[in-house]
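**Student:** compute the structure for the input listed below.
(4 chains)
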There are 2 protein chains.
Amino acid sequence: MATKTPKIIPVREQIADALRSDIISGELEANTKLNEQQLAERFGVSRGPIRDVLLKLTKEGLLVSKNNVGSSVNSPLSPEMQKLSIELRRKIEEFAVKTCMPLVTDKDIEALEEIIADMQESFDKEEYTDLTKSDISFHQYIVNLAGGECLVNIWYPIVIRMRMNYQRIKTSQALVDEHKHILEGIRNKDVKAATAALKKNIK
Amino acid sequence: MATKTPKIIPVREQIADALRSDIISGELEANTKLNEQQLAERFGVSRGPIRDVLLKLTKEGLLVSKNNVGSSVNSPLSPEMQKLSIELRRKIEEFAVKTCMPLVTDKDIEALEEIIADMQESFDKEEYTDLTKSDISFHQYIVNLAGGECLVNIWYPIVIRMRMNYQRIKTSQALVDEHKHILEGIRNKDVKAATAALKKNIK
DNA sequence: TTATGTTTCATTGTTAACAATGTACAATGA
DNA sequence: TCATTGTACATTGTTAACAATGAAACATAA
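**Tutor:** Okay, the predicted model is just below:
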């Protein structure tokens, strides 16, 4: 197989991704009401799939839904909640790094390297929403490796919600480097180093 | 108002509750495939609302869904994941107890007392699924008080998933008493006592 | 026998029409 | 003037029909 097979992404996931980007980027401000009909027209589908996506994002904490009223963009976390989230995230990801160590294959290393390459590219191009996406992907890859869908399910709502607060924080090259360090730790099967790098990154 | 106004519960929540009960009680075993059409007939609605519920329970981690294939009951957590979940739950609920202390009103105390009364009743009647529900309600009430929907969103998938493992564990009067102790700590605004009781209860 | 292709059917995904609900605003009466 | 009731509209909730997909059974050829 010479050509790289493109990944097939279901329609509903693409829509969810687009909306997540809009929210994380700050394009959709807190309390913005989302109209099902309008979204359906925007993405060229009917209201059915849109409702599915809204339900999903609500469960992730990005949206708030009221019965018979609709969904709107959630507010950023309070400072206390943000602090708690950081602690929870660290606990989960430290577990993940520790657990995935014996499972990591060369293919995984490669995949992580590629994500970091994307991250670097997004940073260079100053596309910060994409950078955030790569950031999340990197961590998700590790979490998924360690605990599968099941752990991702717990982890994701914490992370995605935290990201709402980072909208306008300037990102630096240090952020990309931090991930390189984490990967280095994993590559060398050095739990201590990886965990240390992780701690630095999650804040 | 002399008569107590009954709480209105949306159809979809009732269906979700019923399915959650079926799963937690063990009536629906792991890997059981859920058929949308059958569920629709069972609850007397169309497939639309059923799909919503399945999506919700999937996000909660009770179900696993595959594209174009359907949803089935998830497996219990691995021992390592269970251990991690306990730690996460403790972190969240300790935060919740600490945070809610200055917010607790007499009405809240009353509500918690009623939940414990339900719990005791369920225990006496040996209705262990209802007991589990009351158990979750008690903790959820506190978590919600401290962090609102937003914290519940993070907390719930962890707890509900843990519960899948407790299916056949015999519950004792001690379980009910543990909750009474937590409430006592809250009533006395004694964070230390409440936290200690909480630690005992979450395991 | 095994691997590959085809057919059939059950099931999920999607759509568009319809029902129910909430919101905003005007009409009514004190 | 203000509170209350009624009405119209926009929006969400639900349904049933249709389209697309995947799984299993069967047939075919190496």
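**Student:** burial count for whatever residue of chain A ends up closest to chain B?
**Tutor:** Across chain A, no residue is closer to chain B than residue A:59, which sits at 3.7 Å (CB to the nearest CB). Backbone N, C-alpha and C define where each C-beta goes, glycine included. Applying other CB atoms under 10 Å in any protein chain shown, we find 22 residues neighbouring residue A:59.
**Student:** got the contact list for the residue nearest to the spatial centre of chain A?
**Tutor:** Nearest to the mean C-alpha position of chain A, by CA atoms, centre = their mean, lies residue A:136 at 3.3 Å. Neighbour list for residue A:136: A:159, A:160, A:163 [criterion: CB atoms under 8 Å, 6 or more residues apart in numbering or on different chains].
**Student:** tell me the buried residues in the helix or strand where the first one lies?
**Tutor:** Looking back up the chat, that one is residue A:159. Using DSSP states H and E, residue A:159 falls within helix A:128-163. By neighbour count on 16 or more other CB atoms under 10 Å in any protein chain shown, the buried set for helix A:128-163 is A:128-147, A:150-163.
**Student:** same thing with stretch A:98-118?
**Tutor:** By neighbour count with 16+ other CB under 10 Å, stretch A:98-118 contains the buried residues A:99, A:100, A:101, A:104, A:108, A:112, A:115, A:116, A:118.
**Student:** can you tell me which residues in chain A are near DNA strand C?
**Tutor:** Applying CB under 7 Å from any atom of the strand, one finds that chain A approaches DNA strand C through A:10-12, A:44-49, A:52, A:67-69.
**Student:** also near chain B: which of those residues, exactly?
**Tutor:** Within the set of these, contact with chain B (CB under 8 Å from any CB of the partner chain) is found for A:10, A:48, A:52, A:67.
**Student:** I'd guessed the last one sits against residue B:8; true?
**Tutor:** Right, the one you point to is residue A:67. No: using CB atoms under 8 Å, residue A:67 is not in contact with residue B:8, being 9.5 Å away.
**Student:** re earlier: pLDDT of the helix holding residue A:159, averaged?
**Tutor:** Average pLDDT, helix A:128-163: 95.
**Student:** helix B:128-163 and that one, what's the angle between them?
**Tutor:** Put simply, helix A:128-163 runs at 140 degrees to helix B:128-163, going by axes from the mean of the first three to the mean of the last three CA atoms, to 10 degrees.
**Student:** so who does residue A:159 touch?
**Tutor:** Listed by CB under 8 Å, 6+ apart, the contact partners of residue A:159 are A:89, A:136, A:139, A:140.
**Student:** equivalent analysis for residue A:171, please.
**Tutor:** A:123, A:128, A:131.
**Student:** from those, pick the one nearest DNA strand D.
**Tutor:** residue A:128 (29.2 Å; CB to the nearest atom of the strand).
**Student:** thinking again about what came up before, most neighbours out of the ones next to chain B among the residues of chain A next to DNA strand C, which is it?
**Tutor:** residue A:52 (17 neighbours).
**Student:** most proximal residue of chain A with respect to DNA strand D?
**Tutor:** residue A:70 (3.1 Å).
**Student:** ramachandran coordinates for that residue?
**Tutor:** phi 130, psi -170 (degrees, to the nearest 10).
**Student:** what of residue A:172?
**Tutor:** Torsion angles, degrees, to the nearest 10, at residue A:172: phi -120, psi 170.
**Student:** the residue nearest to residue A:166 when sequence neighbours are not counted and residue A:160: what is the separation?
**Tutor:** Excluding the flanking residues, the one nearest residue A:166 by CB to CB, 6 or more residues apart in numbering or on different chains is residue A:132, at 7.2 Å. Counting by CB to CB, to the nearest Å, the separation of residue A:132 from residue A:160 is 10 Å.
**Student:** find residues that contact each of these two.
**Tutor:** With CB under 8 Å, 6+ apart as the test, residue A:132 and residue A:160 both reach residue A:24.
**Student:** and residue A:71, that's in a strand?
**Tutor:** Yes: assessed with DSSP: H, G, I helix; E, B strand; the rest coil, residue A:71 lies in a strand.
**Student:** pretty sure it contacts residue A:60?
**Tutor:** No: between residue A:71 and residue A:60 there is no contact under CB under 8 Å: 11.8 Å.
**Student:** secondary structure element holding residue A:64?
**Tutor:** strand A:63-66.
**Student:** can you count the residues close to the closest residue to residue A:27 other than its chain neighbours?
**Tutor:** Closest residue to residue A:27 apart from its sequence neighbours, by CB to CB, 6+ apart: residue A:21 at 7.8 Å. Per other CB under 10 Å, the neighbour tally for residue A:21 reads 15.
**Student:** now swap in the one 10 residues further on and tell me
**Tutor:** By the criterion of other CB under 10 Å, residue A:31 has 10 neighbours.
**Student:** before we move on, the earlier item: tell me which of the buried residues of stretch A:98-118 fall in strands.
**Tutor:** Per DSSP state E, strands hold no members of the buried residues of stretch A:98-118.
**Student:** JSON lines for these, including distance to chain B and pLDDT?
**Tutor:** Converted to JSON lines, the buried residues of stretch A:98-118 look like this (distance: CB to the nearest CB, whole Å; pLDDT from 0 to 100):
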{"residue": "A:99", "distance to chain B": "7", "pLDDT": "97"}
{"residue": "A:100", "distance to chain B": "12", "pLDDT": "96"}
{"residue": "A:101", "distance to chain B": "13", "pLDDT": "97"}
{"residue": "A:104", "distance to chain B": "17", "pLDDT": "96"}
{"residue": "A:108", "distance to chain B": "19", "pLDDT": "96"}
{"residue": "A:112", "distance to chain B": "22", "pLDDT": "97"}
{"residue": "A:115", "distance to chain B": "23", "pLDDT": "97"}
{"residue": "A:116", "distance to chain B": "26", "pLDDT": "97"}
{"residue": "A:118", "distance to chain B": "25", "pLDDT": "96"}
